[in-house]
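Undergrad: Give me a model of this one.
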Amino acid sequence: KRKAWYEKLAWWSDCKTKEGGRIFVLAPRGPNGSHDVWIYMWELLGFMVNKMHEHVVSQDNRFAVLWVQFGDTRMWVPTMTQFRESLHPKYAKNFEALHVLHPSWSTRILRLLLWPIAPDFFWDTFHCHERIEFLDSHVDLRKFRLPSDIYEHDKFLDKQAIEMSEQAKARGLGGFGATAMTEEEKKKQQDQMDQLKQMMAMKAAKGD
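TA: Just a heads-up that it's a prediction; the model follows:
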C-alpha cells in the first residue's frame, strides 16, 4: 500500500531536459495534494534511489531531478548530507542538475548565502523555480506534465501573492507582501535558518 503511494510521490518522467538528462520528479505530499501529512523521507528517498538505479547506475545515463517542495524541504540537514554520501558514485557522474519547484524558505536562504561564494558551475546545477512556467528555459513544457494538484498549488501561490501584495499596499508598505507572514510561518523560517547555520558550521569545520 505504501509503495503504491510512493509511486505518486517519486517517478520518472518520459521527458528530458533541454540538456538531455531524463527527468526524475520528487513531489512529497499526501493524498489529494495535501501538504500537512507526515512522510518518512528516508524511506521515500530509498524508494527513489531504487527506481533511479537502473537508469543512472546500470545504464550509466544522465539525469536531472525536479524536487517539488511545496514550501517545505521535509528534511533536516544531516539527513540530506547522509543521503548524498550514501549514493553510488555514478549519481555524481551522471548528475545534470537539481531543479527545485515551489522552494522552501531554507532553500531560498541557502541560495542567498551561497550567492557570493559558490562557483559558477554550482549555479549551473542548482536551480529554483517559483512557478511551473519558469521551468520553460530548461524543460519543454508542451511535453512535460505534472499531476493536476501541483498545477492547482501553483495557481494558489499566484492568488496568495496577489492577496499579500494588496494587503501590504493597504497598510502603506508598498509591494512587500512578505511582511504579512503569520507567526507560524516566521517560526518555520527561523527553524530553517537554524538548519542552514548548522550546515554552514559543519562545512566550515570540515574545511570545505
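
Undergrad: list the contacts for E54?
TA: E54 makes no contacts at all, as judged by CB atoms under 8 Å, 6 or more residues apart in numbering. Where you see a C-beta, it was placed from the backbone N, CA and C, and this is true even at glycine.

Undergrad: per-residue pLDDT, it?
TA: Here, the pLDDT recorded for E54 equals 98.

Undergrad: Could you do E184 as well?
TA: Reported pLDDT at E184 in the predicted model: 59.

Undergrad: how close does D140 sit to S13?
TA: Distance, D140 to S13, by CB to CB, to the nearest Å: 11 Å.

Undergrad: now do M80
TA: 23 Å.

Undergrad: returning to what we had before: which of D140 and S13 has more neighbours?
TA: Neighbours were counted for D140 and for S13 using other CB atoms under 10 Å; S13 has more, 17 against 12.

Undergrad: surely the more buried one meets K143?
TA: No: the criterion here is CB atoms under 8 Å, and S13 misses it with K143 at 9.2 Å.

Undergrad: Where does pLDDT dip in the protein?
TA: For the chain, applying pLDDT under 70 flags the ranges 172-208.

Undergrad: again, 50 this time
TA: Within the chain, the segments meeting pLDDT under 50 span 176-180.

Undergrad: Mind splitting it into its structural domains?
TA: Annotated domains of the chain cover 1-169, 179-206 [the TED database].

Undergrad: surely R74 meets M41?
TA: Yes: counting by CB under 8 Å, R74 sits close enough to M41 to count as a contact (5.3 Å).

Undergrad: hey, what's in contact with both of those two?
TA: The contact lists of R74 and M41 share P28, where a contact means CB under 8 Å, 6+ apart.

Undergrad: Just say which of the domains of the chain is most tucked in.
TA: domain 1-169 (a mean of 15; mean count of other CB atoms under 10 Å).

Undergrad: Three-state assignment for W11, please.
TA: Of the three states, W11 takes strand under DSSP: H, G, I helix; E, B strand; the rest coil.

Undergrad: so who does it touch?
TA: Here W11 is in contact with 24-25, 51 (CB under 8 Å, 6+ apart).

Undergrad: Kindly recompute the last result at 6 Å.
TA: Contact analysis of W11 by CB atoms under 6 Å, 6 or more residues apart in numbering lists V25.

Undergrad: What separation do you get for it and K169?
TA: Taken as CB to CB, the span from W11 to K169 is 41 Å.

Undergrad: Let me see the ranges of the strands in this structure.
TA: With DSSP state E, the ranges of strands along the chain come out as 10-16, 22-26, 63-68, 95-101, 126-129.
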